[in-house]
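Colleague: Sequence first, then the predicted structure:
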Amino acid sequence: MDKVRILAIETSCDETSAAVVADGRQVLSNIIHSQIDIHRKYGGVVPEIASRSHIVKVDDVVATTLGEAGLTLDDISAVAVTFGPGLVGALLVGLNFGKALAYARNLPLIGVHHIAGHIASGYLENPDWQPPFVALIVSGGHTQLVHVRDYNSFEILGKSLDDAAGEAYDKVARTLGLPYPGGVEIDRLAQNGNPEAISFPRAWLETGSLDFSFSGLKSAVLNYLNSAKQAGREVDFADVAASFQQAVVEVLVKKAMTACERTGATRLAVVGGVACNSHLRATLTAECEKSSIALNIPKPIFCTDNAAMIAAAGYYHYCAGRFADINLNAVPSLPLAQQFT
Ligand code: KG4
Ligand code: ZN
């Protein structure tokens, strides 16, 4: 049987990305144009600038991805596009481009939830990975634990009540005077610090809760730095980075392991930008080995925002016959649908 080739477009935040993936797993091309250099001088993503940059780039990124795959639109089975959650202006660019392509070429259109995309990144170039599993989604915008019961069946076990893990990393990095995005900078700085040097709070929330909260930790770091400044005490920034990181990772790992225990899952996927974190990777690897849980952390290029993951998620919509129509609109705070067939 002929392969199903999904052309996907992702523009929910500050990456303009397009990809072609065959049968949900085989990445034929995955082009990502990052806007980080543009936003760095503002210390974060500026929504209006993000939208404008997507408009300038999207055409070229889609053409390049088709070219790299050695394909034309004649070879494409369907167009998948992220329609939420994300920045509304940014989402609209990719969505309208995808809708126009699908309409002009009479191709099926598929609307993909950004988090469902991150969850599907575990399938990319990994023929053996399949539900059921627990997914820990840790990115700049989201922190969630999801029980992936089947390809199109999700149960949200827990989520952040305030800042996402990546957001906490970025905000703490900013207070330490590190450039945006700060996650990778803290990761690097922490290598030379003592994770036990400062006892920052761990927000476990009520007993058994799989929800997260990182804003208290962020404030604790800020207070620590302010009090040291007022007292004229010298601060070891590497110790602050390592102790902060230890507090984040400890909570993420403990709750992810509890989620596996509670659902009986023997597989754990860790996805989203913060899954690139070296301490998180190392701690989870050790914990999962102890508990005989198969751990899947996709390679970094599939962890941060990319269109290949949207194509992978789109493939399972395609298999379920779940298509969108031309009225599909961007939904900036779209909830993750728990189930569809
Ligand atoms: O998934 P992603 O690319 O975008 C969103 O959907 O938000 O995640 C970006 C986030 C940023 O907050 C960035 O600081 C964080 O991932 N990040 C990291 C690392 N690499 C990226 N955080 C901690 N350690 C890293 N090595
Ligand atoms: Zn993301």
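Modeller: On my side now, so go ahead. Ligands and ions are numbered 1, 2, ... in the order given.
Colleague: just how off-centre is the longest helix belonging to the chain within its chain?
Modeller: Secondary structure of the chain per DSSP state H: the longest helix is helix 237-263. Helix 237-263 sits 17 Å away from the centroid of its parent chain (C-alpha atoms, centre = their mean, to the nearest Å).
Colleague: neighbouring contacts of the next helix or strand after it?
Modeller: Once helix 237-263 ends, the next helix or strand along the chain (criterion: DSSP states H and E) is strand 267-271. Residues outside strand 267-271 that contact it (C-beta atoms under 8 Å, 6 or more residues apart in numbering) are 118-119, 121-122, 129, 132-139, 148, 256, 260, 280-281, 284, 288, 293-298, 302-303, 309. Placement of C-beta: from N, CA and C, glycine included.
Colleague: Pull out the buried residues from those.
Modeller: By neighbour count, with 16 or more other C-beta atoms under 10 Å, the contacts of strand 267-271 hold 118-119, 121-122, 129, 133-139, 148, 256, 260, 280-281, 284, 288, 293, 295-298, 302-303, 309 as buried.
Colleague: Against ligand 2, which of those residues make the cut? List them.
Modeller: Among these, the ones lying near ligand 2 by C-beta under 5 Å from the ion are residue 139.
Colleague: which residues does residue 178 contact?
Modeller: 185-186, 189.
Colleague: again, but for residue 225
Modeller: So residue 225 contacts 175-176, 235, 240 (C-beta under 8 Å, 6+ apart).
Colleague: how close does it sit to residue 165?
Modeller: Distance of residue 225 to residue 165, computed by C-beta to C-beta, to the nearest Å: 20 Å.
Colleague: that older thread, from the contacts of strand 267-271, which ones fall inside strands?
Modeller: With strands taken from DSSP state E, the overlap with the contacts of strand 267-271 comprises 133-138, 148, 294-296.
Colleague: For the longest helix of the chain, name the packing helices and strands.
Modeller: When contacts are defined as 3 or more C-beta pairs under 8 Å, 6 or more residues apart in numbering; DSSP states H and E, helix 237-263 sits against strand 133-138, strand 143-150, strand 153-159, helix 165-175, helix 183-190, helix 215-231, strand 267-271, helix 278-290.
Colleague: 6 Å - rerun?
Modeller: With contacts taken as 3 or more C-beta pairs under 6 Å, 6 or more residues apart in numbering; DSSP states H and E, helix 237-263 sits against strand 133-138, helix 183-190, helix 278-290.
Colleague: Please state the offset of the shortest one from the chain centre?
Modeller: For strand 133-138, the separation from the chain centroid amounts to 10 Å (computed by C-alpha atoms, centre = their mean).
Colleague: average pLDDT for it?
Modeller: Mean pLDDT, strand 133-138: 98.
Colleague: Parallel or antiparallel, which strands does it pair with?
Modeller: The strands beside strand 133-138 in its sheet (DSSP bridges) come out as strand 143-150 (antiparallel), strand 267-271 (parallel).
Colleague: With only the CA atoms kept, save stretch 304-324 in PDB.
Modeller: Taking C-alpha atoms only, stretch 304-324 is exported to PDB below (Å, rounded to 0.1, in the frame of the first residue of the first chain):
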ATOM      1  CA  THR A 304      11.600  21.600  20.900                       C
ATOM      2  CA  ASP A 305       8.800  22.900  18.600                       C
ATOM      3  CA  ASN A 306       8.900  21.300  15.200                       C
ATOM      4  CA  ALA A 307       6.400  20.400  12.500                       C
ATOM      5  CA  ALA A 308       7.400  16.700  12.300                       C
ATOM      6  CA  MET A 309       5.600  16.000  15.500                       C
ATOM      7  CA  ILE A 310       2.500  17.800  14.100                       C
ATOM      8  CA  ALA A 311       2.700  15.500  11.100                       C
ATOM      9  CA  ALA A 312       3.000  12.400  13.400                       C
ATOM     10  CA  ALA A 313      -0.100  13.500  15.400                       C
ATOM     11  CA  GLY A 314      -1.900  14.300  12.100                       C
ATOM     12  CA  TYR A 315      -1.300  10.800  10.800                       C
ATOM     13  CA  TYR A 316      -3.400   9.300  13.700                       C
ATOM     14  CA  HIS A 317      -6.200  11.800  12.900                       C
ATOM     15  CA  TYR A 318      -5.900  10.700   9.300                       C
ATOM     16  CA  CYS A 319      -6.200   7.000  10.300                       C
ATOM     17  CA  ALA A 320      -9.300   7.900  12.400                       C
ATOM     18  CA  GLY A 321     -10.800   9.800   9.500                       C
ATOM     19  CA  ARG A 322     -10.800  13.000  11.600                       C
ATOM     20  CA  PHE A 323     -10.600  15.900   9.200                       C
ATOM     21  CA  ALA A 324     -11.200  19.600   9.600                       C
END
